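1. Okay, here's the prediction I keep looking at, along with the sequence it came from:
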Amino acid sequence: NVKADAASTALPASARPALGERTTLSVAVRRDNDGNVIADRLELLSGPLSAQGKASLTDGTVAAELNGALAEIAPFAKEASGAIALALKASGPLLGPDVAVTVTSDKLVVADREITGLKLDATAKADVATPAADVTLAGNVAREALQGKATLKTEGGQKRIDGLTLSLGENRIAGDLVLD
């Protein structure tokens, strides 16, 4: 079992905006005779950030589940406030697992506009050479429906975003993009 309690100033500067004065981490870690590693009861707490989960690496295959929350996003965006929740699952080969992420918020305020019922879902193949993902977005901005979707594909070494659509109320943008 691992338990740590550290001043957040001892952690990487890039992580500090999400952290409180102190950061605590606890996890139960086991390793078997074959070198497989299992981490259960993972818990991270620091100021507005909390996360719980578990992960394993067995025979080169990763399996992970993490649920977290950030009680205030303002440290990341000056004109934003509100809370978000995050759920992440990953499974598959260590160097290219399938990943599913959901980010939700009941209410955010961004640039003085209220966003309610926000939900962003992404499923992806986390392969550096051939990334692929499907993303959907839904919510309401100032009482107008927000909808979005896109598919990231890699074909013939070229990365593309196909089927990109984004709408807010009656306003809509759609198209495909080739990424250089």
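-> That came in fine, so what should we check first? Numbers count the residues shown, from 1 in each chain.

2. so where do the strands sit in the protein?
-> Along the chain, the segments classed as strands by DSSP state E run 2-7, 22-31, 37-46, 49-58, 61-70, 80-82, 84-93, 98-110, 113-125, 132-141, 144-155, 158-168, 171-179.

3. Could you export the ones you listed to TSV, including columns for distance to Arg16, mean neighbour count and mean pLDDT?
-> Yep, even glycine has a C-beta here, placed from its N, CA and C like the rest. Formatted as TSV, these follow (distance: least, C-beta to C-beta, whole Å; neighbours: other C-beta atoms under 10 Å; pLDDT from 0 to 100):
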stretch	distance to Arg16	mean neighbour count	mean pLDDT
strand 2-7	11	10	93
strand 22-31	9	14	95
strand 37-46	10	16	95
strand 49-58	11	16	96
strand 61-70	13	16	96
strand 80-82	18	16	95
strand 84-93	18	16	97
strand 98-110	21	16	97
strand 113-125	24	16	96
strand 132-141	28	16	97
strand 144-155	30	15	95
strand 158-168	32	15	95
strand 171-179	31	10	94
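
4. Can you give me every residue that contacts the most centrally placed residue in the chain?
-> Centroid check for the chain by C-alpha atoms, centre = their mean gives Val101 as the closest residue, at 5.4 Å. By C-beta atoms under 8 Å, 6 or more residues apart in numbering, the contact set of Val101 is 86-88, 120-124.

5. Taking the chain centroid, which residue in the chain is the extreme one?
-> Asn33 (32.7 Å).

6. Could I get the pLDDT score of that one?
-> According to the predicted model, the pLDDT of Asn33 comes to 93.

7. Phi and psi next, for it.
-> Torsion angles at Asn33 (phi, psi; degrees, to the nearest 10) stand at phi -60, psi -20.

8. Please report how far it lies from Val2.
-> Per C-beta to C-beta, to the nearest Å, Asn33 is found 20 Å from Val2.

9. In the beta-sheet assignment, what are the partners of the residue nearest to Asp176 when sequence neighbours are not counted?
-> Distances taken as C-beta to C-beta, 6 or more residues apart in numbering put Asp162 closest to Asp176, at 5.0 Å, once the chain neighbours are dropped. Judged by DSSP bridges, the bridge partners of Asp162 are Thr151.

10. go on, Ala122?
-> Val101, Val135.

11. isn't it right up against Asp98?
-> No - Ala122 lies out of contact with Asp98 (C-beta atoms under 8 Å); the separation is 11.3 Å.

12. Surely Asp40 is in contact with Lys54?
-> Yes - with contact defined as C-beta under 8 Å, Asp40 reaches Lys54; the gap is 4.9 Å.

13. circling back to that earlier point, would TSV of the strands of the chain with distance to Ala15 be doable?
-> As requested, these are exported to TSV (distance: least, C-beta to C-beta, whole Å):
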stretch	distance to Ala15
strand 2-7	12
strand 22-31	9
strand 37-46	9
strand 49-58	9
strand 61-70	12
strand 80-82	18
strand 84-93	15
strand 98-110	18
strand 113-125	21
strand 132-141	24
strand 144-155	26
strand 158-168	28
strand 171-179	28
